[in-house]
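1. Give me a model of this one.
(one chain, ligands or ions: 1)
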Amino acid sequence: MTTTTPRFPADFVWGVATAAYQIEGAVDEDGRGPSIWDTFSATPGAIDGGDTGAVACDHYHRWAEDLDLMQRLGVDAYRFSIAWPRVIPAGTGSVNQAGLDFYDRLVDRLLERGIAPFATLYHWDLPQPLQDAGGWPERSIVDAFVAYADAVTRRLGDRVAAYATMNEPWCSAVLGYALGEHAPGLREPALAPHAAHHLLLAHGTALEVMRANAPGAQHGIVLNIHPAYPATDAPSDIAAARRFDGFFNRWFLDPLLEGRYPSDVWEGYGAAAPDVREGDLETIARPLDFLGVNYYTRIIATSDPTVPWPSVRAVPFESTPTDVGWEVYPQGMTELLLRLQREYAPPPMYVTENGAAYADVLHNGTVDDPQRIAYLEQHVAAVHAAIEGGADVRGYFAWSLLDNFEWARGYAKRFGLVYVDYETQARVPKRSASWYAGLIARHRGEIDD
Ligand code: FCB
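-> Numbering: from 1, shown residues only. Okay, the predicted model is just below:
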């Protein structure tokens, strides 16, 4: 039987991704300070099942075994995040070299195995003292982030192939400060645009010191882009989809890539629009070496004037959802990448996250996950179609290497290529892991189609 693996450019990067708080555990070790996720996950009712990241996948102790898993997959690159509370436990002030030691070792061992380290500096685990001082809505946080970015890039330098400043600033700003679904769990919508502005400003300001410390690395940012499709051809639905796109996507894309905030969203925020000072937009729009794109699903949007701005409601879809309720919509990936290429002429793009949660079961030592294989296969093909159509996409990272702490959904939602038995911490590669290893090997010509 011939497979349908499309041919990617020879230097296309295949990777897997994780994030510190979702896998590391060891929240009290080697001088780590508390983060907003420790606090939030200890809040009754915040996380499904009352789960916390206190132990997670115990990756802080099992990292070498996890590198073996990656090597067996044959990945070219590993996207992980660095925990700010390990590096500067109080958020500002002294650097904890013991915390940096962990990432130093990880990076060296990755390099020994020929796996390129892709590090994200901020994947949501803000040191709690910084939140106590107001968090992302406070402009002074920019200096704190720059000092942290300096400490990391000074120590790891060019051994890291690519640094992303932020992961999904929309989630930090909106889920964290407006909707209360993520840490710090605030429900104050007026804070979100300020938080978003400072996340972007911290990103742009830090780029300068990051480039000075690691001139040979690529520097960029990771956005979650959530395409909105109008539910019908009615002008009100078309306008609703446009509003949602502004609120979720353009609010970040436009300042980063065009140096301006979109005026429709600015008006939508009204009195809550951020305090943008002279020079801020130039800083935010500093050139990037890459844009990371996380894509999982889309929204089918209809106008709903009864809900707060952007006054959009999601219309139910008909296909079978993933285990987190998301629609499987691979053509959204192709259309999104082509749109970014067409409308923004972005730097080279990486798909920095894509994957699906399914209710996996370990049975006789194996996990059969045909739905995840189908999801990944369709989305990889969708990336290929975008490249064929002219999108400059250089790599693809499957989310995730391991089942892990899926934020507010806890451990019940499994996104891994590798199953984690949380009782024993045993790792069991799923069928999708073999599928992904085969895809990479075929790409390299190590096995025939
Ligand atoms: C993204 C996050 C990542 C993971 C996936 C499922 O929004 O960046 O940490 O939780 O969703």
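2. So which bits of the stretch 1-150 of the chain are right by the ligand?
-> A19, Q22 (C-beta under 6 Å from any ligand atom). From N, CA and C alone the C-beta is placed, and that goes for glycine too.
3. The same query, at a cut-off of 5 Å, please.
-> A19 (C-beta under 5 Å from any ligand atom).
4. Show me the helices in the stretch 1-150 of the chain, by range?
-> 20-23, 36-41, 59-73, 84-87, 97-112, 128-132, 141-156 (DSSP state H, counting those that start in this stretch).
5. and the residue of the stretch 1-150 of the chain found nearest the ligand, what does it touch?
-> Distance from the ligand to each residue of the stretch 1-150 of the chain (C-beta to the nearest ligand atom) is smallest for A19, at 4.7 Å. A19 sits next to F80, S81, T120, H123, W124, N167, N404 when contact means C-beta atoms under 8 Å, 6 or more residues apart in numbering.
6. Mind putting the helices of the stretch 1-150 of the chain into CSV with mean pLDDT?
-> Shown next, in CSV, are the helices of the stretch 1-150 of the chain (pLDDT from 0 to 100):
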stretch, mean pLDDT
helix 20-23, 99
helix 36-41, 98
helix 59-73, 98
helix 84-87, 99
helix 97-112, 98
helix 128-132, 99
helix 141-156, 99
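7. Any chance of these in a markdown table with distance to H198 and mean neighbour count as columns?
-> Output for the helices of the stretch 1-150 of the chain, formatted as a markdown table (distance: least, C-beta to C-beta, whole Å; neighbours: other C-beta atoms under 10 Å):
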| stretch | distance to H198 | mean neighbour count |
| --- | --- | --- |
| helix 20-23 | 20 | 26 |
| helix 36-41 | 15 | 23 |
| helix 59-73 | 29 | 18 |
| helix 84-87 | 15 | 27 |
| helix 97-112 | 24 | 17 |
| helix 128-132 | 11 | 21 |
| helix 141-156 | 6 | 21 |
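8. Just send the ones you listed back as CSV, with distance to V418 too.
-> Listed next are the helices of the stretch 1-150 of the chain as CSV, based on distance: least, C-beta to C-beta, whole Å:
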stretch, distance to V418
helix 20-23, 11
helix 36-41, 22
helix 59-73, 6
helix 84-87, 23
helix 97-112, 17
helix 128-132, 30
helix 141-156, 25
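9. Tell me which of the ones you listed lies nearest to A228.
-> Closest approach to A228 among these is made by helix 20-23 (26.9 Å; C-beta to C-beta).
10. Run a quick neighbour tally on the closest residue to A345 other than its chain neighbours.
-> Ranked by C-beta to C-beta, 6 or more residues apart in numbering and with sequence neighbours excluded, the top spatial neighbour of A345 is L257, at 7.9 Å. Neighbours of L257 under the rule other C-beta atoms under 10 Å: 20.
11. let's have the chain start at 58 instead
-> OK, 58 is where the count begins now, so the last one is L314.
12. Remind me what whatever helix or strand L314 lives in packs against, helices and strands.
-> Assessed by DSSP states H and E, L314 sits inside helix 308-315. Counting contacts by 3 or more C-beta pairs under 8 Å, 6 or more residues apart in numbering; DSSP states H and E, the secondary-structure elements packed against helix 308-315 are helix 226-227, helix 249-270, strand 275-281, helix 337-341, helix 387-401.
13. Mind doing that once more with 10 Å?
-> helix 226-227, helix 249-270, strand 275-281, helix 320-326, helix 337-341, strand 347-351, helix 387-401 (3 or more C-beta pairs under 10 Å, 6 or more residues apart in numbering; DSSP states H and E).
14. quick one on the thing from earlier: which of the contacts of A76 fall in strands?
-> F137, S138, T177, N224 (DSSP state E).
15. just the buried members of those residues?
-> F137, S138, T177, N224 (16 or more other C-beta atoms under 10 Å).
16. Let me know whether the first one touches R166 as I believe.
-> No - taking contact to mean C-beta atoms under 10 Å, the distance of 12.0 Å between F137 and R166 leaves them out of contact.
17. who touches both of the two?
-> W120, P174 (C-beta atoms under 10 Å, 6 or more residues apart in numbering).
18. Reformat the ones in strands among the contacts of A76 as a markdown table; add pLDDT.
-> As requested, the ones in strands among the contacts of A76 are exported to a markdown table (pLDDT from 0 to 100):
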| residue | pLDDT |
| --- | --- |
| F137 | 99 |
| S138 | 99 |
| T177 | 99 |
| N224 | 99 |
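19. Closest one of the residues you listed to M267?
-> Taking the ones in strands among the contacts of A76 together and measuring to M267 by C-beta to C-beta, the closest member is T177, at 12.3 Å.
20. any low-confidence regions in the chain?
-> 58-62, 506 (pLDDT under 70).
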